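> Could you work out the structure for the sequence below:
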Amino acid sequence: MKSNILVVDDENVARQSLADILKLEGYNVTPAANGQAAIEWVRTHPIDLMIVDLRMPGMDGLEVIQVVNQVSPDTEIVLLTAHGSTDSAIQALRLRIHDYLTKPASPAQVLASVKKGLARRSTKMQAKSGVRDVSEMDETIKEFRLKDGTLVDLSRRQIRSGKKLEHLTPAEGRLLRILMENEGKVFSHRELVLLVQGYDTSQREAPEILRPLVSRLRHKLESFPALSERVASVRGTGYVYEGEK
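Take a look at the predicted model:
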């Protein structure tokens, strides 16, 4: 199935050029000349990825992104600007964008960004469908007993071994539950933020959001030898729960 892409730019030449490049790659492309037209289209049509210019009269790119995040949170976003600045980039990343390109971006840059964005969207959708929501899980059977007798009670968010008892916070419990129930599956930082915290974030921000949570969880697991090294980092990707051998 062809991916649906929305190109939003008030400059006719830039908008048409982007649309032509993407159409030649086989995408379904819709051009929009301003932010309001883009919002109206997103409200009534499924859009997999949107390319939006930062500087536009009326509703600018950041305002468009804010609305799209509400009405179509699964749409990936690439921000284009001829006025690249650190402040704009940071603000855009906080609004959940996939990429930030300075105009004029080359066709190769645009296509590479679009392909990565669509791949990330696919991964995110698979994560949503492949891993059950924590709130929907059967809390009565969520116990893992390890070979040395350590008991991980995820419904009560407790870990016991002999006289040792450790309590987990709700976020720590959700993180450990997702990893343990999917032993050997590598989750990206962004997938885990989505599944544990319940919101989407950028690929750049996700590791920073997860790091302190993972650090606190690992600190608590250190008291239990059977668990102490099970939550493993996958360099440049995310985390995995490695089962007992």
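> For V196, which three-state class applies?
Secondary structure state of V196, per DSSP: H, G, I helix; E, B strand; the rest coil, is helix.
> next one: A37
For A37, the assignment made with three-state DSSP gives helix.
> Look up the closest residue to it, ignoring the ones flanking it.
Among residues not flanking A37 along the chain, V8 sits closest, at 7.8 Å (CB to CB, 6 or more residues apart in numbering). (Glycine included, C-beta is placed from N, CA and C.)
> what's the answer for A33, then?
Spatial nearest neighbour of A33, excluding adjacent residues (CB to CB, 6+ apart): D10 at 5.9 Å.
> And for the one you found, the neighbour number?
Residues within reach of D10, counting by other CB atoms under 10 Å, total 17.
> Now name the helix or strand holding it.
Using DSSP states H and E, D10 sits within no helix or strand.
> Quick check: the gap between it and V42.
The gap separating D10 from V42 is 17 Å, by CB to CB, to the nearest Å.
> ok so, going back, just give me the neighbour total for the residue nearest to A37.
Residues within reach of V8, counting by other CB under 10 Å, total 29.
> For stretch 49-59, measure first residue to last.
19 Å (CA to CA, to the nearest Å).
> buried ones in stretch 167-183?
Neighbour counts using 16 or more other CB atoms under 10 Å place L168, E172, G173, R174, L175, L176, R177, I178, L179, M180, E181, N182 of stretch 167-183 among the buried residues.
> I'd say the residue nearest to A33 and P57 touch.
Yes: counting by CB atoms under 8 Å, D10 does reach P57; the two are 6.2 Å apart.
> Touching both of these two, which residues are there?
N34 (CB atoms under 8 Å, 6 or more residues apart in numbering).
> just the strands in this protein please.
Along the chain, the stretches classed as strands by DSSP state E are 4-8, 28-32, 49-53, 76-81, 99-102, 143-145, 151-153, 158-161, 164-167, 187-188, 231-234, 238-241.
> which stretch in the ones you listed is the model least sure about?
The minimum mean pLDDT among the strands of the chain belongs to strand 99-102 (a mean of 79).
> Tell me the buried residues in that one?
Within strand 99-102, the residues scored as buried using 16+ other CB under 10 Å are D99, Y100, L101.
> any chance of the buried residues of stretch 167-183 in CSV, plus pLDDT and distance to S17?
Formatted as CSV, these follow (pLDDT from 0 to 100; distance: CB to CB, whole Å):
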residue, pLDDT, distance to S17
L168, 93, 52
E172, 91, 49
G173, 90, 50
R174, 87, 45
L175, 91, 44
L176, 92, 49
R177, 88, 48
I178, 86, 43
L179, 90, 45
M180, 89, 49
E181, 83, 47
N182, 84, 43
